[in-house]
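Asker: Below are the sequence and a predicted model; questions follow.
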Amino acid sequence: MGVSNTDSDKTQEEEQQDLPKVVLFRPPAAFSLIDEESFTSNKFHFLKTYDSQLPVDQFLSTHSHSIKAILSSAGAPVNADILQLLPEVGLVVTTSAGLNHIDIPECRRRGIKIANAGHVYSDDVADLAVGLLIDVLRKVSASDRYVRQGLWADKGNYPLGSKLRGKRTGIVGLGNIGYEVAKRLEAFGCFVSYNSRKKKPYVSYPFYHNVCELAANCDVLIICCGLSDETRHMINKQVLSALGKEGVIVNIGRGNIIDEKEMVSCLMRGEIAGAGLDVFENEPDVPKEFFAMDNVVLSPHRAVFTPESLKDLSQLVVGNLEAFLSNKPLLSEYVDKK
Amino acid sequence: MKSIGVLMTCPMHKYLEQQLETHFNLFKLWHCNSSITEFLKTHQGNTIRAVVGDTNIGADAELIASLPNLEIVASYSVGLDKIDLRKCEEKGIRVANTPDVLTDDVADLAIGLILGVLRRICASDVYVRIGKWKDADFGLATKFSGKSVGIVGLGRIGTAIAKRAEAFGCSISYFSRSQKPFANYKFYSDIIDLATSCQILIVACALTDETRHIINREVIDALGPKGILINIGRGAHVDETELVSALLEGRLGGAGLDVYENEPEVPEELLGLGNVVLQPHVGSDTVETSDAMADLVISNLKAHFSNKPLLTPVI
C-alpha cells in the first residue's frame, strides 16, 4: 500500500475494519501468477487465515461476525465444518470453474450462494483441448523432441501422424467448455457427437445416452465435464475398450474422471492409441510410465493460466463480491442443474 | 505401362514406391553411387519418361537435361520450387503436383504450431516429463482465442488456416500478390503493415523468386517482441539468420517452424529455446494424406501415359 503518515494509516485501517470481510484459506494461484491487487476492492477487505498465527478455527471464530463471504480455490475446500464457524457467510466465490471442493448441499441448506469462474476460462480450456488433440494426432511434441535431439539429420523422417478431418470426436459433457471445443473441432472437419447428463435441446450434434456407446462410435474422446460422484472414474476399462486401438483421449476436466491406472495399462498394451492430458488423479504426481511414451502429451494443469483469462477472472471475482455486498444479482452464480 | 521408365528422386513414401514399382519400371536415384549422368547412362536414362520428385529433390535443369525422353514431372508435393518450371515449359514437359489433398493437414499443423508456441504445450510436456512439476513455477502461457492473425498468401492453405483461426474468434488479415475478391478478410498490400497489425504471422505462400526471404528483419521487427511467426511454407521464405538473432535477442516473441533453409539442418541456437516449436517438415505427414498424395501422383502418371487429361496439372 506504500508508506503514509500515521494519521492516514489509522483512517485506512479503520475504514478497512468497517468493510465486510472476505476470508481466504489459501492464496489462489492467480494471486502470484498475475497479482493480488487485481482482486481487491474498496467494497471489501480480505482476511487471510494463512497470514495468521492462530489456528484456523480460532481465527474464524474471532472474525466470524464480519466475514460475509469466502473466496475459495482448488485446494481450499469449503465444507460443513468451516461453514459451521461462519454463520454470517452468504456467498462462496471460487476461482475455479469446478465445484467439487465445495459442499454444495450444505451451502444450499444454509442459504449460501455460490459463484464460480463462469465462462472466463472456456476459450482457454477449449483451445488447450484442441492443442492437445492436434499434438497427439500429429505428434507435435514428440517430433519437436526428435528435432532437438538432432535425430532428423541422423535418422530421417519422423513416423507419420493421423489426419484430423473426418475424425469422429465425442465430447463428454457438452457444457460451455464442451461446446467451445465442439465449435473449434468442426472447423477442422471433425464430426462431433456427445454424451451429457441430458440431451441438449438446441444442439444438432448426435447425442449418446451413455459414454460407452459414445466411445464405441468415436475415434476421439474429449473429457469436458466436471467431477462429481457420477463422473468419478466414469472413463473406465469398458469405455477405453470401446474407444479402441486407434482411439485417442483428451482430458481437460479432472484427473479422477478417468481410471488412470487402467488408462496407463491400455496405453502400455496398445489398446488405445494416445492421450493428451492436462489433469491427473494425483497432481502433481504423474504416472512414470507416461514419460517413456511418445503418444502421450502431458500438461501440468495449466489450461487456464494465461494473463488474459486470469485478468478476466479477477474482474469476475471482484464483480461477484461487490454485487453480493450491494444486493445485486451475481455475475456468475452457480445454479444446480436438475 | 510396365515398360515405362519412371525415376523416383528420393525415398519419399514406401506406399508410393510400391505403387510405382507395380505400375512402371521404377528407377531409384538414391541407389546412385556415382554422378547422376553416370547413373542414368548405366540405367538406361533414355527409357525414363517420368520423374517423381518431392520437396527435397525435384527436377532441376541438370536432371532434366540428362533425361532426353522426359515427358512429365509428377511432384509428390504441392510446392514447385524444386522444379525448373521454365525448362519444363521450354521442352514441353508436363508438370503435375498434389494440391488440395494436403491442404487440411498443413492448415491443421499451422494451428498446432500456434497453440504449441502460445500455450507452451511442447515446453510444458518436457517440464512434466523431467519431473519439474513439483518444484518450480511454470509461469503463464498466452491466450490464442481472439488474437489477430496475419496470413502471407491466401491460397488454398492460407484460406484453410483462416477458417480454422476464425473458429477461435481470431481476426484475420492477409497479404497477397493481389486482393482476393471473395475473401472477407482485411487485405494489406504491404507485408510490413500486415506484420505491424497482427500478433501471429503465418507464411503460407508458394516459394518463388519474389517470395524468397519475404520474412526479413524489417518484417520480424514489425511483428515484434509479442509476435510469433509460423512457417509452414518453405525455409527460404524466411531469412533464417535474422530470425535466429531476433529470437535470441527477444525482438520476436516466438516461432513455430516446419521448414528451414537447409533441411534437415536446424539452426543450433533454436534447439534450446522454449518459445519455439520445431517440426521436421511434417506438414502433410499423415498416413491418410501421404497415401492420397501417392494415389494422385500415380493417377497423374497413368492419365498422361493413357493420353488423358492430367488431374492436377501445373504445366
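Answerer: Looks like it arrived, so ask away.

Asker: Quick check: the gap between A:R269 and A:E289.
Answerer: Look at A:R269 and A:E289: by Cβ to Cβ, to the nearest Å, they are 11 Å apart. (Glycine included, C-beta is placed from N, CA and C.)

Asker: For the two, indicate the residue with more neighbours.
Answerer: A direct count of neighbours by other Cβ atoms under 10 Å in any protein chain shown for A:R269 and A:E289 places A:E289 higher, at 14 against 9.

Asker: pLDDT wise, what is the more buried one at?
Answerer: In this model, A:E289 is scored at 97, pLDDT.

Asker: for A:G2, same thing?
Answerer: 49.

Asker: Just the pLDDT for the residue nearest to A:N282 when sequence neighbours are not counted.
Answerer: Spatial nearest neighbour of A:N282, chain neighbours left out: A:G255 (7.2 Å); criterion: Cβ to Cβ, 6 or more residues apart in numbering or on different chains. At A:G255, the pLDDT value in this model is 96.

Asker: contacting residues for A:G255?
Answerer: A:277, A:279-283 (Cβ atoms under 8 Å, 6 or more residues apart in numbering or on different chains).

Asker: now, the most widely separated pair of these?
Answerer: Taking Cβ to Cβ as the measure, these span a maximum distance of 12.5 Å, between A:L277 and A:N282.

Asker: Next, B:R119: phi, psi?
Answerer: Main-chain torsions, B:R119, degrees, to the nearest 10: phi -90, psi 0.

Asker: okay, now the closest residue to it other than its chain neighbours: neighbour count?
Answerer: Excluding the flanking residues, the one nearest B:R119 by Cβ to Cβ, 6+ apart is B:A141, at 4.5 Å. Burial of B:A141 is recorded as 27 neighbouring residues (other Cβ under 10 Å).

Asker: before we move on, back to that, are any of the contacts of A:G255 buried, and if so which?
Answerer: Taking 16 or more other Cβ atoms under 10 Å in any protein chain shown as the criterion, what is buried in the contacts of A:G255 is A:277, A:279-281, A:283.

Asker: from those residues, which are also near chain B?
Answerer: Applying Cβ under 8 Å from any Cβ of the partner chain to these, one finds that A:E283 fall near chain B.

Asker: can you give me the helices for the chain?
Answerer: Using chain A here. Residue ranges of the helices in chain A, as given by DSSP state H, are A:6-18, A:29-33, A:56-63, A:80-84, A:104-109, A:122-138, A:140-148, A:151-155, A:176-187, A:211-216, A:237-243, A:260-268, A:307-325.

Asker: my bad, chain B
Answerer: With helices called from DSSP H, chain B shows them at B:14-23, B:36-42, B:61-65, B:85-91, B:103-118, B:121-129, B:156-167, B:191-197, B:217-223, B:240-248, B:287-305.

Asker: quick check, the fifth one touching chain A?
Answerer: Yes: using Cβ under 8 Å from any Cβ as the criterion, contacts between helix B:103-118 and chain A involve B:104-105, B:108-109, B:111-113, B:115-116.

Asker: ok and that helix relative to helix A:176-187, angle-wise?
Answerer: 140 degrees (axes from the mean of the first three to the mean of the last three Cα atoms, to 10 degrees).

Asker: any chance of the contacts of A:G255 in a markdown table, with distance to A:L321 and pLDDT too?
Answerer: Compiled in a markdown table, the contacts of A:G255 are given as follows (distance: Cβ to Cβ, whole Å; pLDDT from 0 to 100):
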| residue | distance to A:L321 | pLDDT |
| --- | --- | --- |
| A:L277 | 33 | 98 |
| A:V279 | 28 | 96 |
| A:F280 | 31 | 97 |
| A:E281 | 32 | 97 |
| A:N282 | 32 | 96 |
| A:E283 | 28 | 93 |
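
Asker: just for the chain, where's the confidence low?
Answerer: Going with chain A. Chain A contains residues with pLDDT under 70 at A:1-10, A:12-16, A:337-338.

Asker: right idea, wrong chain: chain B
Answerer: Low-confidence segments of chain B (pLDDT under 70): B:33-34, B:42-43, B:136.

Asker: What residues does the stretch 201-315 of chain B have near chain A?
Answerer: When proximity is defined by Cβ under 8 Å from any Cβ, the stretch 201-315 of chain B lies next to chain A at B:263-266, B:271-272, B:277-282, B:285-290.

Asker: ChimeraX command to pick out the buried ones of those?
Answerer: Buried residues among these (16+ other Cβ under 10 Å), as a ChimeraX selection:
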select /B:263,264,266,277,278,279,280,281,282,285,286,288,289,290
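
Asker: Please narrow the residues of the stretch 201-315 of chain B next to chain A to those residing in strands.
Answerer: Counting by DSSP state E, the part of those found in strands is B:277-278.

Asker: that older thread, okay if I get the helices of chain A as JSON lines plus distance to B:I48?
Answerer: Putting the helices of chain A into JSON lines (distance: least, Cβ to Cβ, whole Å) gives the following:
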{"stretch": "helix A:6-18", "distance to B:I48": "87"}
{"stretch": "helix A:29-33", "distance to B:I48": "63"}
{"stretch": "helix A:56-63", "distance to B:I48": "83"}
{"stretch": "helix A:80-84", "distance to B:I48": "82"}
{"stretch": "helix A:104-109", "distance to B:I48": "75"}
{"stretch": "helix A:122-138", "distance to B:I48": "35"}
{"stretch": "helix A:140-148", "distance to B:I48": "34"}
{"stretch": "helix A:151-155", "distance to B:I48": "30"}
{"stretch": "helix A:176-187", "distance to B:I48": "44"}
{"stretch": "helix A:211-216", "distance to B:I48": "51"}
{"stretch": "helix A:237-243", "distance to B:I48": "48"}
{"stretch": "helix A:260-268", "distance to B:I48": "47"}
{"stretch": "helix A:307-325", "distance to B:I48": "58"}
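
Asker: Would you map out the domains in chain A?
Answerer: Domain assignment of chain A by the TED database yields the ranges A:10-119+A:307-326, A:121-298.

Asker: Out of those domains, which is closest to B:N97?
Answerer: Smallest distance to B:N97 across the domains of chain A (Cβ to Cβ): 19.3 Å, for domain A:121-298.

Asker: Can you tell me the number of residues neighbouring the nearest residue to B:V126 once chain neighbours are set aside?
Answerer: Spatial nearest neighbour of B:V126, excluding adjacent residues (Cβ to Cβ, 6+ apart): A:R145 at 7.3 Å. Using other Cβ under 10 Å, A:R145 is surrounded by 18 other residues.

Asker: can you check A:Y50 too?
Answerer: 11.

Asker: Run through the residues that contact it.
Answerer: Listed by Cβ under 8 Å, 6+ apart, the contact partners of A:Y50 are A:24-27.

Asker: Closest one of the residues you listed to chain B?
Answerer: Set against chain B, the nearest of the contacts of A:Y50 by Cβ to the nearest Cβ is A:P27 (13.1 Å).

Asker: measure the residue lying closest to the closest one once chain neighbours are set aside to chain B for me?
Answerer: Leaving aside its chain neighbours, A:P27 sits nearest to A:Y50 (6.7 Å; criterion: Cβ to Cβ, 6+ apart). If you measure A:Y50 against chain B using Cβ to the nearest Cβ, to the nearest Å, the figure is 18 Å.
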